[in-house]
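Participant: just the structure for this:
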Amino acid sequence: MAITLSPLNIFDFGGKADVGMVRWCSGTEPCVGNIGSSNSIIGTRLFELRNIFIFKFPIFIHPDFGGNNQVGMVRWCPGTVPCVGSINATNALIGSTLSGCLGSVTVLSNGNFVVASLYSNDVRWCSGTSPCTGTITSSNSVSGNSVTALSNGNFVVGFTIASIPGTFRWCSGTVPCVGATNDSNSFRGNRPGDMYGASVTPLSNGNYVIISANYDGSTELLDVGMVRWCPGTAPCVGIISPVSI
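Facilitator: Numbering: from 1, shown residues only. As a prediction, this is how the structure comes out:
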C-alpha cells in the first residue's frame, strides 16, 4: 500500500487551480494512469487539500479544511481500494465551527479512533471500519479536552481546566460515548482547579491511574495532590475525597 500526495497539493483539476489530490496505490504493483475523481480524493476549491496529512493510515487529517473558515476535517478511508470523491459531511467528519475539528486523533488498540476538538472541548468516538461522518456536536460526543487510550481498547476523557473542578470519564471503545458528564459516570474534583494539569497513566492490564498534583485536601491543605486507581472496564465515579482515593 502507498499513498500519493501532490507536492504542496499544487494540483489542478476540472479547470480549478491548486485544489490538491490524494491517491491510494497498491504496494505490490505499479500505480499508473491519469489522476481523476474515480481513483483519487480531489479538492474542490483553491488549496482545499493543503496541509493534509496521514495520521495513521487509513485516517487522513486536514486542519485547514473549509477555506477561510478552517473548520478542519478527519476522513477515514479503506486501506485496500481507492478512496475517491470530494470531501464533505457524507464521507468525513467536518468541524462545525472555526477550528472545530482540530485537536487530536487517538487510535485505540481495537482499531477504532477518537477525535478531540480541543477548541470546542468535544470528543467523539468513531468506528475504525467505516466512515465517520457529519459534524462534532454535543449529541454525538462528550465534553473534554484530553483523551487517553487504555490497553484494552477503551479510553478516558479528561476535562481539566483551572476554572472548574475537572472530570475524568471512562468510555467504551466499541460504541459512541455520549451524554452529559456527571457524578454517575465520571470521577470529578471537589474544588475549582482540583484536576487542573491532572493526567491518566494506563496500566498494562487495562486499568488506569489518575494523578493530580493540584488537588486541595481542604481550604487549609492546598495542592496536597492525589492518586486514584480506576478499573478499565467500567466508569470510575464519585467526588475526590480521602475515602475515594
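Participant: and residue 62, what pLDDT?
Facilitator: If you check residue 62, the pLDDT there is 61.
Participant: now residue 100
Facilitator: pLDDT, residue 100: 68.
Participant: what's the answer for the one 5 residues further on, then?
Facilitator: The score at residue 105 is 88. That number is its pLDDT.
Participant: distance of it from residue 124?
Facilitator: 10 Å (Cβ to Cβ, to the nearest Å). The C-beta positions use only the backbone N, C-alpha and C, and glycine is treated the same way.
Participant: ok, those two, which is more surrounded?
Facilitator: residue 124 (23 against 18; other Cβ atoms under 10 Å).
Participant: ok, now how distant is the closest residue to residue 214 other than its chain neighbours from residue 210?
Facilitator: Leaving aside its chain neighbours, residue 214 sits nearest to residue 196 (5.0 Å; criterion: Cβ to Cβ, 6 or more residues apart in numbering). With distances taken as Cβ to Cβ, residue 196 is found 13 Å from residue 210.
Participant: related to what we said a few turns ago, list residues touching both of residue 105 and residue 124?
Facilitator: Residues touching both residue 105 and residue 124 by Cβ atoms under 8 Å, 6 or more residues apart in numbering: 114-116.
Participant: give me the number of residues near residue 109?
Facilitator: 14.
Participant: sorry, back to before: show the buried residues in the shared contacts of residue 105 and residue 124.
Facilitator: 114-116 (16 or more other Cβ atoms under 10 Å).
Participant: related to what we said a few turns ago, neighbour-wise, which of residue 196 and residue 210 wins?
Facilitator: Each of residue 196 and residue 210 has its neighbours counted (other Cβ under 10 Å); residue 210 has more, 24 against 18.
Participant: give me the three-state assignment for the residue nearest to that one when sequence neighbours are not counted.
Facilitator: Excluding its sequence neighbours, the residue lying closest to residue 210 (Cβ to Cβ, 6+ apart) is residue 228, at 4.8 Å. The three-state label given to residue 228 by DSSP: H, G, I helix; E, B strand; the rest coil is strand.
Participant: my guess is residue 228 contacts residue 207. True?
Facilitator: No. Residue 228 is not in contact with residue 207 according to Cβ atoms under 8 Å; the separation is 11.1 Å.
Participant: rewinding a little: any chance of the shared contacts of residue 105 and residue 124 in TSV, with distance to residue 40, secondary structure and pLDDT too?
Facilitator: Shown next, in TSV, are the shared contacts of residue 105 and residue 124 (distance: Cβ to Cβ, whole Å; DSSP: H, G, I helix; E, B strand; the rest coil; pLDDT from 0 to 100):
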residue	distance to residue 40	secondary structure	pLDDT
114	27	strand	94
115	24	strand	91
116	28	strand	89
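Participant: now, which of those sits nearest residue 233?
Facilitator: Within the shared contacts of residue 105 and residue 124, proximity to residue 233 (Cβ to Cβ) peaks at residue 114, which comes in at 17.4 Å.
Participant: bridging across strands, which residues link to the closest one?
Facilitator: residue 106, residue 125 (DSSP bridges).
Participant: mind listing what it touches?
Facilitator: 105-106, 108, 123-126, 147, 149, 155.
Participant: I'd like these laid out as TSV, including distance to residue 89.
Facilitator: Putting those into TSV (distance: Cβ to Cβ, whole Å) gives the following:
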residue	distance to residue 89
105	18
106	22
108	24
123	19
124	14
125	18
126	14
147	23
149	26
155	24
